[in-house]
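>>> fold the following and give me the result.
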Amino acid sequence: MKNFLSHPLIVRHPDNLTTSWAQQLVNQFDKDIVVKQIKINAIDIGTTTRIRIKVDYNSPTTLPRYWFIKLPSLSWRARAITALPRLLHTEVRFYNELAGSTPVKNLQHYLLKVAFIKAQR
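The predicted structure is shown next:
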């Protein structure tokens, strides 16, 4: 498990959202597209940390330019409150069930599940 947590795509803090991180995700879809820059547009901290970023590429692509990322909350109180009733697990299940029936483009939605579950251990 420890090895999995050190995977470079698993982020725990907004500071870990770099162009290198985004490029690793993009490479899974199109190795010819280069991430030129990412810009964090907003960070909201509550029961989770919600981050909106803008991604600029080297050429036109069908990949989304705006990404929404959810991480475990940066607030230790919120993490404690949500851990007990397993609220984050319920949310992950909801997104996983919704993913197949929504036209929204998503990049590796399973990372959300991994980040939430591992953060609660």
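
>>> how about the strands in the chain?
Ranges of strands in the chain, per DSSP state E, are 35-45, 48-57, 66-72.

>>> of those strands, which is nearest Thr19?
Relative to Thr19, the nearest member of these by CB to CB is strand 35-45, separated by 5.0 Å. Quick note: C-beta positions are derived from backbone N, CA and C, even for glycine.

>>> direction included, what does the closest one pair against?
Listed by DSSP bridges, the sheet partners of strand 35-45 and their directions read strand 48-57 (antiparallel).

>>> please name the bridge partners of Thr49.
Beta-bridge partners recorded for Thr49 (DSSP bridges): Ile45, Leu71.

>>> chain center to stretch 92-103, what's the gap?
Relative to the chain's own centre, stretch 92-103 is displaced by 15 Å; criterion: CA atoms, centre = their mean, to the nearest Å.

>>> looking at the strands of the chain, which has the lowest confidence?
Across the strands of the chain, strand 66-72 has the smallest mean pLDDT, namely a mean of 88.

>>> tell me which residues in it are buried?
67, 69-72 (16 or more other CB atoms under 10 Å).

>>> just give me how far that strand sits from the chain centre.
The answer for strand 66-72 is 4 Å, by CA atoms, centre = their mean.

>>> tilt between it and strand 35-45?
Angle, strand 66-72 to strand 35-45, by axes from the mean of the first three to the mean of the last three CA atoms, to 10 degrees: 50 degrees.

>>> now tabulate the buried residues of strand 66-72 in JSON lines and tack on distance to Ile43.
Shown next, in JSON lines, are those (distance: CB to CB, whole Å):
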{"residue": "Trp67", "distance to Ile43": "13"}
{"residue": "Ile69", "distance to Ile43": "10"}
{"residue": "Lys70", "distance to Ile43": "11"}
{"residue": "Leu71", "distance to Ile43": "10"}
{"residue": "Pro72", "distance to Ile43": "13"}
